[in-house]
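Engineer: need a 3D model of the following:
(chains A and B)
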Amino acid sequence: MPKLEGIKKVLVIGSGPIVIGQAAEFDYAGTQACRSLKEEGLEVVLVNSNPATIMTDKDIADKVYIEPLTVDVLQKIIEVEKPDSLLPNMGGQAGLNLGMELAESGFLDSHGVKLLGTTAETIRNAEGRQEFKDMMERIGEPCAPSELVTNVEDGIAFAEKIGYPVVLRPAYTLGGSGGGIAHNREELIEIISNGLRLSRTSEVLVERCIAGWKEIEYEVMRDSNGTCITVCNMENLDPVGVHTGDSIVVAPSQTLSDKEYQMLRTSALKIIDELGITGGCNVQFALHPTSFEYIVIEVNPRVSRSSALASKATGYPIAKVSAKIALGYNLDEIPNAVTGKTYASFEPALDYCVVKIPRLPFDKFIKAKRTLTTQMKATGEVMSICTNFEGGLMKALRSLEQHVDCLVNDEYINMTDEEVVEQLAVVDDRRIFVVAEAIRRGVTYDKIHEITMIDEWFIDKIAILVEMEQKLKKADKLDKELLKEAKRLEFPDTVIARFTGKTEEEIRDMRYEWGITAAFKMVDTCAAEFASETPYYYSCFDSINEVEDNTKKKKIMVLGSGPIRIGQGIEFDYCSVHSVWALEEEGYETIIVNNNPETVSTDFDIANKLYFEPLTPEDVENIVRLEKPDGAVVQFGGQTAIKLTEALLKMGVKILGTSAENVDAAEDRELFDEILERCCIPRPSGKTVFTTEEALVAAKELGYPVLVRPSYVLGGQGMQIAVSDDDIKEYMAVINRYHQDHPILVDKYLMGKEVEVDAVCDGEDILIPGIMEHVERAGIHSGDSISVYPAQSITEKIQKVIVDYTRKLARSLHVIGLINIQFIVYQDEVFVIEVNPRSSRTVPYISKVTGIPIVDLASKVILGAKVSDFGYGTGLAKKSDYLAIKMPVFSFEKLRGAEISLGPEMKSTGECLGISKSFDEALYKAFLGAGVDLPKHKKMILTVKDSDKLEAVDIAKRFKKLGYEIFATRNTARVLNDHGVLAIPVNRINEEAPTLMDLLLEHQIDLVVDTPTYGDKLKDGFLIRRTAIETGVNCLTSLDTAAALLTSLENSDTEHLSVVDIATISKEMYGDMK
Amino acid sequence: MKAFLILEDGTVFEGTSIGAKKEIISEIVFNTSMTGYLEVLTDPSYAGQAVTMTYPLIGNYGICYQDMESKKGWPDGFIVRELSRMPSNFRSEDTVQHFLEENDIPGICGIDTRALTKILREKGTMNGMITTNEDYNLDEILPKLKAYIVTGVVKKVSCDKKEEYVPGDIGSKEGKADKNVAVIDVGTKKNIIRCLLNRGCNVTVYPCDFDAKEVIASKPDGIMITNGPGDPSECTDIIEQIKILSEAGIPIFAICLGHQLMALAHGAKTYKMKYGHRGANHPVKNLETGKVYISSQNHGYVVDADSIDASVAKPWFVNVNDKTVEGLTYMGKKVKTVQFHPEANAGPKDSELLFDEFMNMIGGNK
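Structural biologist: Residues are numbered from 1 along each chain as shown, chains lettered A, B, ... in the order given. This is a model prediction of the structure:
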């Protein structure tokens, strides 16, 4: 029971959809916090609009509301549930802001709800720029000279007083959204105007630029008794100027002496003590590289991405301890769950080095600016643990799954020395490779440091790796000592083979012969000072193994999904974790392998054993040699895990569930066509090609438009709709940037209705929890489409066909476990467009809204259970009373220059849910959850491509009816006016003012509907869409989406939204079932 | 050059020789601090021991001479996983490699220090040898290791004769001194003296063979008994002198070895811990306020809580992890002692405020 009296029911706010700057780390923190609260016997009510999370599972909280995170909705839930307290600091900035608004409005007080943990005043002092600055001044801690401005003029005046460059930080935004460094007045005006618009309080901080200083972070904890500890400090390899979320980060700090380490530690503790924080807090410092001068950059009084990283880096569960502190416990009363012998009031001691590398989305947004700034752009990250920095870096690089396994990057090989030196000044995600190339060219450390400001210690470490490359290349004979040293530096066998002209097998055989094998060590929070039982391990070479195979149970290895990236997000972590739980329930010992520090799956108490390792064949093989698992499950970890299938089979590991041949059959065009033919299932006609020439021929035969994509990819990566030969040429060039092992597919593109199912299959029977229908017509990636359950416009007859096809395909592919199939319904006929014999993005969503836990079922099926055993029946499950709409959420505002128009390549970073018994309300809530809160000014811009113009008339009419004033480009306006819909024509951007751009910048526009021509090379549309996004205006690029938005606005009672506890759905549908 | 670490239990680690190329036998201990290797190397409390750093990357920021905690390096040996080949820090003047050579300290790197630490944790601190002799003979060496005893180390580390310091010395704050403190040097770290100087004290440092009467006669406002190496119960002469000091009515603050000696002077007992406390992350709880501080620690012996007469002294601080005695306050006397290091270096400065408390005890107000 909690120490504070009167706490029985706690409301926890989650962080909402995954966006850049606010991602899976909050699912990890929130899940840990909820479990920690339940451990104390409390009733937990959870609100989070993100259905893909583990925290929104009925196993994690007692009441689960997957509802839009707005003040109104939260008030409603508080009225219904009557919690006695609210825990606001687990849901990132979004959760914290909401908690603040509820507290400040007096709503919490009037409803008898206590704010747990850090108080509203503390949050204000830490987050309000001026309050923070005043407090720092009061306690004598240095801040950069700065001024909070509310208009551009004041910003210019202050910047010119302190001198350029200046850093601009909008108050209360996500991931530093809208911030940046301005080197002159023009840049200042651009960034500051944008920042003012994006800030919740229309405030931007203008501050002295400390770019190039060392960036150091401390994760600290404080309890209400005033005891303060440091969990971990971290040093950014990238100096100040790059957002810490986009930086390569190492823990603990490497280049700080004890004097500097303690100076900053003391400062961090002084700050949290003054703020009166109770719980976890992150303090960021800039440290002058050649003096003791330092500056406090910012304080985050809550769990954060850094706290997730620190938790994984040390084994110290920050979110869990924070939750306990919020309940009134002191640090010395909370046991350290890792050692079981010590308490949470001690500071972890590391005896290894941790390296984090961000996962940036430039493979998805090839046109976006790759420059890294103070505005975060990464969608995820990987972490690695090793006994040396070089090894940590090498392990982290290959964990990224970006076709990189060492520091050689082909892009720079052919550059001249001068170009390489020039390139050093470019701050983007490839800088580490440029530094390596510069070292290869003999550029001095001094020179590299002078340009990049990266500490020479790191440069020397990179040099050690480069020297090893050269030693391997030059070695006449690869001797034992050299191989041992290469492995100590974590050179994978593939790379050693490449440099020495041998095969990977030869290298591996040599290693085994010489006894050079990986050892596993424990992450124990205490540098081996105390015996710990925590099964959290990492590998290293040149060490003594300390992990024992000590179970009599059968062991199953679950392969995780690696870093969060567009197309492979948190939903696969949901699947991995549920699979682990289900397997444990069945009496198996579970082993999870993953490298993502943000996720629940890498929490040390999820699986029986956690290996924090890269997901490559060699790294997995090291674990397999030690653990000798009885089987491996690959179908829950997305493409990352699936890709390991062949390697696992070679190692002699049994793949549980659908066999590898059948996974291949679904991807292999010829095999798959055979199966379809056998089952008499049609699919759009298509061809397989390798070269651009072949693609052109294929397209001509099929007739445009055609869909072009590589096989074996996730999230439609590289998938495009081509309407002309030029498109084919462009897309093929993009796809062939990397060597393709598998053919490229060219298919006839059918513009029909897209329908999707997930099913559990035991080889014979299937269970489909529900049929989902996409709002947007085929051609927009399923992950970017609004998805509706149950399907609304599909006839009984078509549904039967879909169920029948699903059963046939599942049986023909001998699916044991999950299968995901996408169909197109075109002119009353059903075509199969894609089959994935594995878990999919929609699994968490469909599980929650139908009350059928399909990952658990699939896991049990994999172990031999039958679908008919579960009590949910077979075939298509009965329809739920609820309609649930999954809405994609994008992070376009974070990615300068990224094209926002939707197509077959996935672009969304997250999703949210709208659930209700009424379709219109569900739709309204889904839009609301995604941040579309309309109407405001009732003005919109409509500009559509020619083929959409007639359809746009109806859309425009409906907006008119809602009272909207419509501005349109001249052609669109003419069509509208011709059809009796009044639209005001506006000039294009390159024409005379006022233009569309001016209109946007007046901030009176609610909405832009702009449907781009496929292959649109005109800059106008692009600019309008980007400006809309960057000024915070909703922008839709499909008329289907616009029509859906209209439906939601026309029919919803936005004042009286219903709220749904999804934990009750399963009970309502199936009674009390296990 | 190859080097070997041979433990009393017969375990042999093979690594690379660093520092001086001589063979040593010593007590092998481990320290879990992630920074502050120079402070560790120059802490006189490590005399008679060879120190293993559990953090694997040592030497990253080189040697900043002004961070030395005494005039030289004291450990018999230095054991690390990896020494940085290129230090980087704006104050760095030297490398660890060179420092070890200059200070005639042999060492070994490239061994699995975690595996070594686990042995010491499981079996307790034990003796060991660092040698570069590849033809070592375990049958000859092991009996020698078992027989080895650390002794006479306090005398070795203490100053030879009285030393005087005023504010501004050894990098302390300039200023006027209004108090005089006598420091009994049983192996002091510079920062204990510096912490006193910073608070406006003139400091007279007495060697460990001091005469209590002479100290009392100089009428100091307060007395500080410092940290130091070795088995406290061996220091019988010093204990006798401390007994006299404690009867003089002069406020006394003692740290580490000083704390143990004060307890012994009051009839309590000390015992050797299995593997000691050495690191910068030990939580100690102030029993008066309930507040927990993270402390820097370095001790192999500890005061036996059961041996303390409740009418003589009561626990002031306790270790949160293993509940051992971390501080005592003496009944009816102005005597307070702590087992941990409020002067930090290396380690957190959370408990430096105890020096302020000492200033209050002696009527100073800094």
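
Engineer: what residues does the stretch 1-150 of chain B put near chain A?
Structural biologist: Within the stretch 1-150 of chain B, the residues that sit near chain A (C-beta under 8 Å from any C-beta of the partner chain) are B:30, B:32-36, B:38-39, B:54-57, B:60-61, B:64, B:67, B:81-82, B:84-91, B:110, B:112-115, B:117-118, B:121-122. For glycine as for every other residue, the C-beta is placed from the backbone atoms N, C-alpha and C.

Engineer: now do the stretch 151-300 of chain B
Structural biologist: So far as C-beta under 8 Å from any C-beta goes, the stretch 151-300 of chain B lies against chain A at B:Tyr275, B:Gly279, B:Ala280, B:Asn281, B:His282, B:Pro283, B:Lys285, B:Gly290, B:Lys291, B:Val292, B:Tyr293, B:Ile294.

Engineer: hang on, the earlier thing: which ones among the residues of the stretch 1-150 of chain B next to chain A lie within helices?
Structural biologist: Counting by DSSP state H, the residues of the stretch 1-150 of chain B next to chain A place B:Leu38, B:Glu39, B:Thr113, B:Arg114, B:Ala115, B:Thr117, B:Lys118, B:Arg121, B:Glu122 in helices.

Engineer: let's see the ChimeraX selection covering just the buried ones among these.
Structural biologist: A single ChimeraX command selects the buried members of these (16 or more other C-beta atoms under 10 Å in any protein chain shown):
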select /B:38,39,113,114,115,117,118,121
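
Engineer: for the ones in helices among the residues of the stretch 1-150 of chain B next to chain A, which one is nearest A:Asp725?
Structural biologist: Lowest distance from A:Asp725 to these (C-beta to C-beta) belongs to B:Arg114, with 61.5 Å.

Engineer: that closest one and A:Thr517, how far apart?
Structural biologist: 17 Å (C-beta to C-beta, to the nearest Å).

Engineer: same question for A:Ala930.
Structural biologist: In terms of C-beta to C-beta, A:Ala930 sits 50 Å off from A:Thr517.

Engineer: ok, those two, which is more surrounded?
Structural biologist: A:Ala930 (24 against 15; other C-beta atoms under 10 Å in any protein chain shown).

Engineer: ranges for the strands of the stretch 51-200 of chain B?
Structural biologist: B:57-58, B:77-79, B:82-83, B:106-109, B:126-131, B:163-165, B:179-184 (DSSP state E, counting those that start in this stretch).

Engineer: helices or strands next to the last one in the packing?
Structural biologist: What it means is strand B:179-184. If you count contacts as 3 or more C-beta pairs under 8 Å, 6 or more residues apart in numbering or on different chains; DSSP states H and E, strand B:179-184 packs onto helix B:190-198, strand B:201-206, strand B:222-225, helix B:236-246.

Engineer: what about the nearest residue in space to A:His183 that is not next to it in sequence, how many neighbours?
Structural biologist: Sequence neighbours aside, A:Pro165 is the residue nearest to A:His183 in space, at 4.6 Å (criterion: C-beta to C-beta, 6 or more residues apart in numbering or on different chains). Counted with other C-beta under 10 Å, the neighbours of A:Pro165 add up to 18.

Engineer: now the residue lying farthest from the centre of chain B: how far from chain A?
Structural biologist: What lies farthest from the middle of chain B is B:Asp135; by C-alpha atoms, centre = their mean that is 34.8 Å. Distance of B:Asp135 to chain A, given as C-beta to the nearest C-beta, to the nearest Å: 21 Å.

Engineer: what about that residue? Give its phi and psi, please.
Structural biologist: phi -100, psi 30 (degrees, to the nearest 10).

Engineer: next one: B:Glu174
Structural biologist: phi -70, psi 150.

Engineer: would you confirm that it contacts B:Gly168?
Structural biologist: Yes - contact criterion C-beta atoms under 8 Å: B:Glu174 and B:Gly168 qualify, at 4.1 Å.

Engineer: neighbour count: the two, which is higher?
Structural biologist: A direct count of neighbours by other C-beta under 10 Å for B:Glu174 and B:Gly168 places B:Gly168 higher, at 13 against 9.

Engineer: let's see the pLDDT reported for that one.
Structural biologist: For B:Gly168, the pLDDT comes out at 96.

Engineer: now do whatever residue of the stretch 1-150 of chain A ends up closest to chain B against A:Leu327, distance only.
Structural biologist: Here the residue of the stretch 1-150 of chain A nearest chain B is A:Lys3; by C-beta to the nearest C-beta that distance is 13.1 Å. Using C-beta to C-beta, one gets 6 Å for the distance from A:Lys3 to A:Leu327.

Engineer: please apply the same query to B:Gly187.
Structural biologist: B:Gly187 is 45 Å from A:Leu327, by C-beta to C-beta.

Engineer: who has more neighbours out of these two?
Structural biologist: The neighbour comparison of B:Gly187 against A:Leu327 (other C-beta under 10 Å) goes to B:Gly187, with 27 against 21.

Engineer: for the more buried one, which non-adjacent residue is spatially closest?
Structural biologist: B:Gly187 sits nearest to B:Gly228 (C-beta to C-beta, 6+ apart), 2.8 Å away.

Engineer: from what I can see the one you found touches B:Val157, true?
Structural biologist: Yes - using C-beta under 8 Å, B:Gly228 is in contact with B:Val157, at 6.4 Å.

Engineer: returning to that earlier point: and the residues of the stretch 1-150 of chain B next to chain A, which of them are buried?
Structural biologist: Among the residues of the stretch 1-150 of chain B next to chain A, the ones that count as buried by 16+ other C-beta under 10 Å are B:30, B:32-36, B:38-39, B:54-57, B:60-61, B:64, B:67, B:81-82, B:84, B:86-89, B:91, B:110, B:112-115, B:117-118, B:121.

Engineer: find the centremost residue of chain B, please.
Structural biologist: B:Ser45 (3.4 Å).

Engineer: I'd guess it is in a helix, am I close?
Structural biologist: Yes - assessed by DSSP: H, G, I helix; E, B strand; the rest coil, B:Ser45 belongs to a helix.

Engineer: which residues does it contact?
Structural biologist: Contacts for B:Ser45 were tallied using C-beta atoms under 8 Å, 6 or more residues apart in numbering or on different chains; they are B:Trp74, B:Gly187, B:Lys189, B:Asn227, B:Gly228, B:Pro229, B:Cys256, B:Leu257, B:Asn298, B:His299.
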